[in-house]
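J.: requesting a structural model of the entry that follows:
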Amino acid sequence: MEYKLAPSILAADVACLGEQIEELDEAGADYVHIDVMDGVFVPNLSFGIPVVAGLRPHSDLFFDVHLMLVNPMEYIRDFANAGADGITVHVEACGDKLYDTVIKILGYGVKPAVAIRPDTPIDPVLPVLDKISMVLVMTVYPGYGGQKIITDTFSKIKKLRSLIEEKELSVDIEVDGGITMENIREVRDAGANVFVAGTKVFNGNITANIDVFRKMLK
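T.: Model (predicted):
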């Protein structure tokens, strides 16, 4: 299984965001995880369409855009046009429009992913499992960085990995929230293969931190 590191720019220094994105590229990160929050679906505000478009010239890395918005379908076109490579939507925000939202993402040539909160079961994801590229299991409640990982989510990761293998699908499992050098192997062993990390990447030396994460995943 290929393991990928997706640093979250929620923890980056916005005063030099372009330079830090370039450093991620040089340090060997796989994705740039971009959290988009509207202050309604989650109790915080963050980056929007202009930030994605503005960062795109600074990197060829995969832009992993995580929409924590109400009515995410309304924003698919704009984020795709801004340069998103993958767009993640929440089952809780999509409701009965999840399938249509996934199909719309595919229509723009972008890889679709579906996210679930720590207290959401995997069942709503299953009808679209063969249409998506990734499932994002939130290992903290979305909205803020620096939280402690919720280990109860590991059972969902294991169940998803088992179902994906049983169906012989090529679907990544991403985890986001509380990922550290100390717990990343445990999360990997549960079945995840894409790891979002914010504060543990951007606090201190970015290149050195990424190198440690890489060594922990070997």
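
J.: mind listing the helices for this structure?
T.: 17-27, 49-55, 76-82, 91-94, 98-107, 154-166, 184-190, 199-202, 206-216 (DSSP state H).

J.: from the ones you listed, pick the one with the highest average neighbour count.
T.: Greatest average neighbour count among those goes to helix 199-202 (a mean of 22), per mean count of other Cβ atoms under 10 Å. Just so you know, the C-beta spots here come from the backbone N, C-alpha and C atoms, and that holds for glycine as well.

J.: how about it as PDB, C-alpha atoms only?
T.: Output of helix 199-202 as PDB, limited to C-alpha atoms (Å, rounded to 0.1, in the frame of the first residue of the first chain):
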ATOM      1  CA  THR A 199       0.800  21.500  13.600                       C
ATOM      2  CA  LYS A 200       3.200  18.600  13.600                       C
ATOM      3  CA  VAL A 201       4.400  19.500  10.200                       C
ATOM      4  CA  PHE A 202       4.400  23.300  10.300                       C
END
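
J.: picking that back up, to K148, which of the helices of the chain lies closest?
T.: helix 199-202 (11.6 Å; Cβ to Cβ).

J.: let me see the mean pLDDT of that closest one.
T.: Helix 199-202 shows a mean pLDDT of 94.

J.: might you report the residue contacts of V128?
T.: If a contact means Cβ atoms under 8 Å, 6 or more residues apart in numbering, then V128 has L98, Y99, V102, V114 as its contacts.

J.: for L67, same thing?
T.: Contacts of L67 by Cβ under 8 Å, 6+ apart are V36, Y75, F79, I87, T88, V89, H90, A93.

J.: restricted to buried residues, select these in ChimeraX.
T.: To isolate the buried members of the contacts of L67 in ChimeraX, using 16 or more other Cβ atoms under 10 Å:
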select :36,75,79,87,88,89,90,93
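
J.: closest to D172 out of the contacts of L67?
T.: Closest to D172, out of all of those and judged by Cβ to Cβ, is T88, at 10.9 Å.

J.: from I105, how far out is the closest one?
T.: When distance is defined by Cβ to Cβ, to the nearest Å, T88 is 9 Å away from I105.

J.: tell me the residues that contact both of these two, please.
T.: Common contact partners of T88 and I105 (Cβ under 8 Å, 6+ apart): P112.

J.: model confidence over stretch 122-134, on average?
T.: If you average the pLDDT over stretch 122-134, you get 98.

J.: not counting its neighbours along the chain, what's nearest K131?
T.: In space, and not counting its chain neighbours, K131 is closest to V102: 5.1 Å by Cβ to Cβ, 6 or more residues apart in numbering.

J.: check contacts around that neighbour.
T.: Contacts for V102 (Cβ under 8 Å, 6+ apart) come out as V89, P112, V114, V128, K131, I132.

J.: and P7, by the same measure?
T.: L24, A29, Y31, V32, H33, V196, A197, G198, V201, F202, I206, I210.
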